[in-house]
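Chemist: Would you be able to build a 3D model of this:
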Amino acid sequence: MACTLLTTTAVTTMVPAAYAGGDNDDGNQQKAEDESQAALADCDENGVEQAGFDCIAIAKSEVEIEPPEESAILSVCKEITGGTSQGSEPNDFVFTVTGNGPSDDEFEGDADCVDVTIGPGEYTVSEVIPPLGGRTLDIRIEEGSDCEQDPFGGIRAIGEIEAGETQECRFINSLGD
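Modeler: Numbering: from 1, shown residues only. The predicted structure is shown next:
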């Protein structure tokens, strides 16, 4: 079996980061020849015309960075009336929150509420019902909650929250025989 030895040669080409020559000198920053401020070389007091390894090319333009939106707190609470078997404990139920980046978007129910950090805007809270062994379940959103029962889905609540606001969304389930 014959083997062939291959060799390679690496070639490095140095390319200046930005050309900053021209006659228009502004302190130690030189504008590009076309008078644009797209490429500036800040090279201390060096009289260079190209940004290279001994100076920094700075792109100068108006860059707007939006601060992150302030978040809000949505407390999702679970209350169960009647029944003492499967489906009668708040943690038997699972909730899903959708909206503007909810943190803890899926969790077990809790009578003491679960706080979800969420961005401002519209949200939905959906409840996953466990097997109830043939029993009936009435689902409602507590009157006075900051959310309301979705008219198109009985196991969902809908609402809208503003930045910095704290809201409570309480699901009440009544178990029947």
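Chemist: Count the neighbours of the residue nearest to Asn100 when sequence neighbours are not counted for me.
Modeler: Of all residues not flanking Asn100 in the chain, Gly119 sits nearest, at 3.2 Å (CB to CB, 6 or more residues apart in numbering). Any C-beta I mention is one placed from the backbone N, CA and C, and that applies to glycine too. Neighbours of Gly119 under the rule other CB atoms under 10 Å: 17.
Chemist: Next, the distance between the ends of stretch 95-104.
Modeler: Terminal residues of stretch 95-104 are spaced 10 Å apart (CA to CA, to the nearest Å).
Chemist: Now that stretch: buried residues?
Modeler: Within stretch 95-104, the residues that count as buried by 16 or more other CB atoms under 10 Å are 95, 97, 99, 102.
Chemist: Is the nearest residue to Ala163 once chain neighbours are set aside part of a helix or strand, or is it coil?
Modeler: With CB to CB, 6+ apart as the criterion, Ala163 has its nearest non-adjacent residue at 3.9 Å, and that residue is Glu70. Put simply, Glu70 is coil when judged by DSSP: H, G, I helix; E, B strand; the rest coil.
Chemist: right, and Ile129 touches Asp138 too?
Modeler: No: Ile129 is beyond contact range of Asp138, at 11.5 Å (criterion: CB atoms under 8 Å).
Chemist: what bridges to Thr81?
Modeler: Taking DSSP bridges as the rule, Thr81 bridges to Ser174.
Chemist: I meant Phe95, not that one.
Modeler: Phe107, Glu127.
Chemist: wait, isn't it in contact with Tyr123?
Modeler: No: Phe95 is beyond contact range of Tyr123, at 11.7 Å (criterion: CB under 8 Å).
Chemist: thinking again about what came up before, quick check: the two most widely separated of the buried residues of stretch 95-104?
Modeler: Phe95 and Gly99 (12.7 Å; CB to CB).
Chemist: any chance of the buried residues of stretch 95-104 in JSON lines, plus pLDDT and secondary structure?
Modeler: Converted to JSON lines, these look like this (pLDDT from 0 to 100; DSSP: H, G, I helix; E, B strand; the rest coil):
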{"residue": "Phe95", "pLDDT": "95", "secondary structure": "strand"}
{"residue": "Val97", "pLDDT": "97", "secondary structure": "strand"}
{"residue": "Gly99", "pLDDT": "97", "secondary structure": "coil"}
{"residue": "Pro102", "pLDDT": "97", "secondary structure": "coil"}
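Chemist: Show me how the chain divides into domains.
Modeler: 16-65, 72-175 (automatic domain parsing).
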